[in-house]
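Asks: Quick one: sequence and predicted model below, then my questions.
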Amino acid sequence: MSENALIVRQLKGERTETRPVWLMRQAGRYLPEYRELRAKKGGFLELVYDSEAAAEITIQPIRRFGFDAAILFADILNIPHAMGQDLAFLAGEGPHLSPKMVDHDLAGLEAVPERLNPIYETVRLVRHMLDNDYDKERALLGFAGSPWTVATYMVHGQGSKDQAEARIMAYQDVAAFSALIDAITAQTVEYLSGQIKAGVDAVQLFDSWAGTLSPAQFERWVIAPNAAIVAALKQRHPDTPIIGFPKGAGGKLPAYARETGIDALGIDETVDPVWAHTYLPADMPVQGNLDPLALLEGGEALDSAVAHIFEAFSERPHIFNLGHGIIKETPIAHVEKLLTLVRSGS
């Protein structure tokens, strides 16, 4: 384990002299080496469940850029797949899950927990690579989707613009939706605990669709289940930091930060970092929040955005990151420039 890694130290509240940096979706389609490997191996899901290929993809951005952390190459929908839904990634359409939980009883799913075994093996392989081929400053991050976001896919069977089916189900059939959230929560605890046992240094909870909920629903379907996951993981793995990332939460971020028990908060690009520093708990490390489009654009847009984030978070532990995933068209040169800016303290 990498207790001395810059990111781990920041997550535990230390303001290191050098600000650590990693990027969401840093292992992926913007890298030519990823596209080459995918062309050889086949589809996305095949890569995720091929532990050697997934480990290679996880390490590719470390090898090219020297980021301060590798993040596991996997998908948030590995959870419903392990819970018994069928999962397929269709060209041009994205992920499809069946049967849709909007019209299917949870008890009718037959769990297949062994589907997660290749993910744990990926973690072990990457841990070995980091420990033997890189210095101890590099951390390994695991992750899972938060229950609300995972539930939206399970209910609708695929992604949607407004998560309407899940939101309606949460009002119309509270008992069924609550049971689904509870089941996802329990599986997520086991999944993240398995990643920690296999060798990750910290984990992140992605709630990509948290921004679509009203304050009351946000409390019930985002804060409460994430708090349950954090409490269970803290009981099992008290020294493992947990990052929460409720994308789109906006003004609800302070409540999320206070009530979930997370160690650090990821903020998206729509959040003013000055506001975030003012209203978030004073001792809480934050992560973010460069607009992925500023990185795509480069030049003055990138320079000024980085400088603004640096200034806003100059008085608290901060991990530099994007406000969401890197865009696949992003030039390699822009990522290199970003790293130069961050490591020079600009």
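Replies: Nice, I can see it.
Asks: correct me, but Gly248 touches Gly266?
Replies: No: Gly248 is not in contact with Gly266 according to Cβ atoms under 8 Å; the separation is 11.8 Å. Where C-beta positions appear, they are placed from N, C-alpha and C, glycine not excepted.
Asks: Looking at these two, which one has more neighbours?
Replies: Neighbours per residue (other Cβ atoms under 10 Å) separate Gly248 from Gly266, with Gly266 holding more: 27 against 17.
Asks: Now do the contacts for the more buried one.
Replies: Contact partners of Gly266, counting by Cβ atoms under 8 Å, 6 or more residues apart in numbering, are Gln204, Ile243, Gly244, Phe245, Val286, Gln287, Gly288, Asn289, Asn321.
Asks: So which of those residues belong to strands?
Replies: With strands taken from DSSP state E, the overlap with the contacts of Gly266 comprises Gln204, Ile243, Gly244, Phe245, Val286, Gln287, Gly288, Asn289, Asn321.
Asks: out of the residues you listed, who's nearest Arg220?
Replies: Arg220 lies nearest to Gly244 out of these, by Cβ to Cβ, at 16.3 Å.
Asks: what bridges to the closest one?
Replies: Legend: beta-bridge partners of Gly244 under DSSP bridges are Leu205, Leu265.
Asks: Quick one, grab the pLDDT at Met1.
Replies: On pLDDT, Met1 comes in at 56.
Asks: does Arg25 count as helix, strand or coil?
Replies: Three-state call for Arg25 (DSSP: H, G, I helix; E, B strand; the rest coil): coil.
Asks: That one contacts Thr330, correct?
Replies: No: look at Arg25 against Thr330 with Cβ under 8 Å: they stay out of range, at 9.8 Å.
Asks: ok, the two, which is more surrounded?
Replies: Neighbour comparison, Arg25 and Thr330: the larger count goes to Thr330, with 22 against 18 (by other Cβ under 10 Å).
Asks: The more buried one touches Ala294, doesn't it?
Replies: No: counting by Cβ under 8 Å, Thr330 stays clear of Ala294, with 10.3 Å between them.
Asks: can you tell me which of the contacts of Gly266 lies nearest to Lys161?
Replies: Closest to Lys161, out of all of the contacts of Gly266 and judged by Cβ to Cβ, is Phe245, at 19.9 Å.
Asks: counting contacts, what elements does the helix or strand hosting Ala305 pack onto?
Replies: Here Ala305, judged by DSSP states H and E, is contained in helix 299-312. With contacts taken as 3 or more Cβ pairs under 8 Å, 6 or more residues apart in numbering; DSSP states H and E, helix 299-312 sits against helix 273-279, strand 286-290, helix 292-297, strand 318-322, helix 332-344.
Asks: closest one to Glu93 among the ones you listed?
Replies: Closest approach to Glu93 among those is made by helix 292-297 (22.3 Å; Cβ to Cβ).
Asks: helices and strands around that closest one, which ones?
Replies: In this structure, helix 292-297 makes packing contacts with helix 299-312, helix 332-344, judged by 3+ Cβ pairs under 8 Å, 6+ apart.
Asks: Relative to Leu77, which of these is closest?
Replies: Closest to Leu77 of these is helix 332-344 (Cβ to Cβ; 26.5 Å).
Asks: May I see the helices and strands packed on helix 299-312 organised as JSON lines, with mean pLDDT and distance to Ala183 added?
Replies: Conversion of the helices and strands packed on helix 299-312 to JSON lines gives the following (pLDDT from 0 to 100; distance: least, Cβ to Cβ, whole Å):
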{"stretch": "helix 273-279", "mean pLDDT": "97", "distance to Ala183": "33"}
{"stretch": "strand 286-290", "mean pLDDT": "97", "distance to Ala183": "28"}
{"stretch": "helix 292-297", "mean pLDDT": "98", "distance to Ala183": "32"}
{"stretch": "strand 318-322", "mean pLDDT": "98", "distance to Ala183": "30"}
{"stretch": "helix 332-344", "mean pLDDT": "96", "distance to Ala183": "38"}
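Asks: got those as a markdown table, with distance to Glu165 and mean neighbour count columns?
Replies: Converted to a markdown table, those look like this (distance: least, Cβ to Cβ, whole Å; neighbours: other Cβ atoms under 10 Å):
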| stretch | distance to Glu165 | mean neighbour count |
| --- | --- | --- |
| helix 273-279 | 32 | 16 |
| strand 286-290 | 29 | 25 |
| helix 292-297 | 27 | 19 |
| strand 318-322 | 29 | 25 |
| helix 332-344 | 37 | 16 |
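Asks: Trp148 is nearest to which of these?
Replies: Ranking these by their distance to Trp148 (criterion: Cβ to Cβ) puts strand 286-290 first, at 19.7 Å.
Asks: rewinding a little: return the closest of the ones in strands among the contacts of Gly266 with respect to Leu130.
Replies: Checking the ones in strands among the contacts of Gly266 one by one against Leu130 (Cβ to Cβ), the nearest turns out to be Gln204, at 17.3 Å.
Asks: how about the closest one, what does it touch?
Replies: Ile71, Leu141, Gly142, Phe143, Ile242, Ile243, Gly244, Phe245, Gly266.
Asks: now the helices and strands packed on helix 299-312 in CSV, with distance to Pro20?
Replies: Output for the helices and strands packed on helix 299-312, formatted as CSV (distance: least, Cβ to Cβ, whole Å):
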stretch, distance to Pro20
helix 273-279, 17
strand 286-290, 9
helix 292-297, 17
strand 318-322, 5
helix 332-344, 9
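Asks: what pLDDT, on average, does the longest helix along the chain get?
Replies: Assignment by DSSP state H gives helix 174-198 as the longest helix of the chain. For helix 174-198, mean pLDDT rounds to 97.
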